[in-house]
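Asker: Sequence plus the predicted model coming up.
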Amino acid sequence: MKARRLTAALLVVVLCFSQVTVALADKKTDAQNKKKEAEENLDKKNSEIDEIEKEQQALQNEIDQLDSELVQVMIDLSTLEEELSIKEDELAQTKEELEQAKIDEQNQYEAMKKRIQFMYENGDSTLLSSILESDNISDMLNRVEYVNEVYNYDRDLLVTYQETKEQVAALEKQQEQEVAELTQAQADYQAKAVDYENMIAQKEKTMDNFSEKLKQAQALAAQYQDTISAQNTIIAKEEQREAEERAAAEAAAAAAAANQNNNNNNGGTGGSGGGSGSTGGGQNLNPGYATNVSGSDVVAYAMQFVGNPYVWGGKDPNTGADCSGFTSYVYAHFGIKIPSQSYAQRSVGKEVSYENAQPGDLICYEGHVALYMGNGKIVHAKGRAYGIVGNDNATYRPIITVRRVL
């Protein structure tokens, strides 16, 4: 009777464990669904981020091209303004020369009028006196020739002044036309420069909008990543709890079965095999090393990246890496190639019992990996809020497996 009661109690325990397992499975499924949704949203957001960055780069190229063209316009404008300044100085000088030519022409004209007036007022007496007062024929001819030369000189000089004035006036007109053309070109270049400045300002405003969109997208991506990490922790805990509950249920079922068997045998000899029934299940695993790489050297190399940022999907801890990107980068430095995905790293190398873990071994968690430092510590790319961190407790979350790849 007592044995039956014990068996019934054990069966109740098994049933309770089964119910708890179902409840835990529901919680795990919920976490997996949330994780999947967050991963899908993260993929979409990362695609959006990539597209924004491409558009930003294309826009920046346009701005750079406009800047280059604006610089050339400003250079051309500066050259034109210098040429315009020279032409304006030349025009001012020409105007002064034209005024002087007009004055010279007017002075010559007035002088010639006075001489002509004098000749007319004295009639032919001046010429006649010159002839009569001459000493000889030769002197007389010279006097007559002199009077004619005076007339010719005045006339030629006046013509010269007139021609000079006309030439200077024509030059003034030409230079005024050149100055007008240069002034118009200056206005055109200035308008073009304003157009370029307006286009650049508009594109820079668009660039600011892209920067804001990128910032918002990155913030959402970080939230999705945090959600994935949180759900990974829940899943890992639930899997650990499931394993513990399953082991307890199996032990209870085994005890119930053993008790039933004893009852059937009326409490007989008890049979053989009364041991613990433990097979080791991966206990006390401590495989040898396949490389000559020192685990301490691996840890020392990894520690130099502590403080650098965590970047989801990053594979270079110099600029930012995620957990699996960090571990694969460190091992690659020593010539050891492993996958760059955390789930794939669970099967690399050989399994090691945590009790036998040595510096340089790989500690695998649900959705996360780290490098074992020894003394229960790890170095890893912990998350966006932490970056690459050293001296964290190795058991800060449930360990799935320890792998030896050295």
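Answerer: Received, thanks.
Asker: Next SSE downstream of the worst-scoring helix or strand of the chain on mean pLDDT?
Answerer: The helix or strand of the chain with the poorest confidence is helix 125-132; it has a mean of 56 (mean pLDDT, DSSP states H and E). On the C-terminal side of helix 125-132, the closest following helix or strand by DSSP states H and E is helix 137-264.
Asker: Check which element follows that following helix along the chain.
Answerer: On the C-terminal side of helix 137-264, the closest following helix or strand by DSSP H and E is helix 295-303.
Asker: Packing partners of that following helix?
Answerer: Contact analysis of helix 295-303 by 3 or more C-beta pairs under 8 Å, 6 or more residues apart in numbering; DSSP states H and E lists helix 323-333, strand 368-374, strand 377-383 as its packing neighbours. Backbone N, C-alpha and C define where each C-beta goes, glycine included.
Asker: distance of Gln345 from Ile103?
Answerer: For Gln345, the distance to Ile103 equals 101 Å [C-beta to C-beta, to the nearest Å].
Asker: do the same with Leu77
Answerer: According to C-beta to C-beta, Leu77 and Ile103 sit 39 Å apart.
Asker: For those two, work out which one has more neighbours and name it.
Answerer: When neighbours are counted by other C-beta atoms under 10 Å, Leu77 comes out ahead of the other of Leu77 and Ile103, with 17 against 12.
Asker: element containing that one?
Answerer: Remark: Leu77 resides in helix 2-121, with elements defined by DSSP H and E.
Asker: which helices and strands does that helix pack with?
Answerer: helix 137-264.
Asker: thinking again about what came up before, and the average pLDDT for the helix holding Leu77 is what?
Answerer: Average pLDDT, helix 2-121: 77.
Asker: Next: stretch 329-338.
Answerer: Mean predicted lDDT for stretch 329-338 stands at 96.
Asker: From one end of that stretch to the other, what's the distance?
Answerer: 9 Å (C-alpha to C-alpha, to the nearest Å).
Asker: which outside residues touch it?
Answerer: With contacts defined as C-beta atoms under 8 Å, 6 or more residues apart in numbering, stretch 329-338 is touched by 291, 293, 297-298, 301-302, 315-317, 321, 327-328, 344-345, 348-349, 362, 371, 405-406.
Asker: which of the residues you listed count as buried?
Answerer: 293, 298, 301-302, 315, 317, 321, 327-328, 345, 348-349, 362, 371, 405-406 (16 or more other C-beta atoms under 10 Å).
Asker: what about Ile63, neighbour count?
Answerer: 18.
Asker: Could you do Ala38 as well?
Answerer: Quick note: Ala38 (other C-beta under 10 Å) scores 19 neighbours.
Asker: tell me the secondary structure for Arg397?
Answerer: Following DSSP: H, G, I helix; E, B strand; the rest coil, the label given to Arg397 is coil.
Asker: how much space between the residue lying closest to it once chain neighbours are set aside and Ile400?
Answerer: Closest residue in space to Arg397, ignoring its immediate chain neighbours: Tyr365 at 5.3 Å, by C-beta to C-beta, 6 or more residues apart in numbering. From Tyr365 over to Ile400 the distance is 6 Å, taken as C-beta to C-beta.
Asker: Of these two, which one has the most company?
Answerer: When Tyr365 and Ile400 are compared for neighbours, Tyr365 comes out ahead with 23 against 18, by other C-beta under 10 Å.
Asker: Provide a list of residues in contact with that one.
Answerer: Contact partners of Tyr365, counting by C-beta under 8 Å, 6+ apart, are 232, 236, 397-400.
Asker: do the same with Glu366
Answerer: Counting by C-beta under 8 Å, 6+ apart, Glu366 has contacts 232-233, 235-236, 239, 397-398, 400.
Asker: In ChimeraX, select just the buried ones from these.
Answerer: In ChimeraX, this line selects whichever of the contacts of Glu366 come out buried by 16+ other C-beta under 10 Å:
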select :232,233,235,236,397,398,400
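Asker: Just give me the least confident of the contacts of Glu366.
Answerer: Across the set of these, Glu239 stands lowest in pLDDT, at 76.
Asker: Would you mind confirming that that one is in contact with Ala31?
Answerer: No - Glu239 lies out of contact with Ala31 (C-beta atoms under 8 Å); the separation is 10.0 Å.
Asker: Touching, Glu176 and Glu88? I think so.
Answerer: No - applying C-beta under 8 Å, one finds Glu176 not in contact with Glu88, separated by 10.2 Å.
Asker: returning to what we had before: and which of the buried ones among the contacts of stretch 329-338 is nearest to Gln218?
Answerer: Ala321 (16.7 Å; C-beta to C-beta).
Asker: Contacts only, for that closest one.
Answerer: 305, 308, 310-311, 314-315, 329, 381, 388.
Asker: quick one: which of these has the most company?
Answerer: Neighbour counts for these (other C-beta under 10 Å) peak at Ala381, which has 32 neighbours.
Asker: Tell me how far the closest residue to Gln240 other than its chain neighbours lies from Asp104.
Answerer: Nearest residue to Gln240 in three dimensions, chain neighbours excluded: Pro398, at 4.2 Å (C-beta to C-beta, 6+ apart). The gap separating Pro398 from Asp104 is 111 Å, by C-beta to C-beta.
Asker: again with Val348
Answerer: If you go by C-beta to C-beta, the gap between Val348 and Asp104 works out to 104 Å.
Asker: Quick check: buried residues in stretch 243-252?
Answerer: 245, 249, 252.
Asker: Just send those back as JSON lines, with distance to Ala219 too.
Answerer: Shown next, in JSON lines, are the buried residues of stretch 243-252 (distance: C-beta to C-beta, whole Å):
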{"residue": "Glu245", "distance to Ala219": "39"}
{"residue": "Ala249", "distance to Ala219": "44"}
{"residue": "Ala252", "distance to Ala219": "49"}
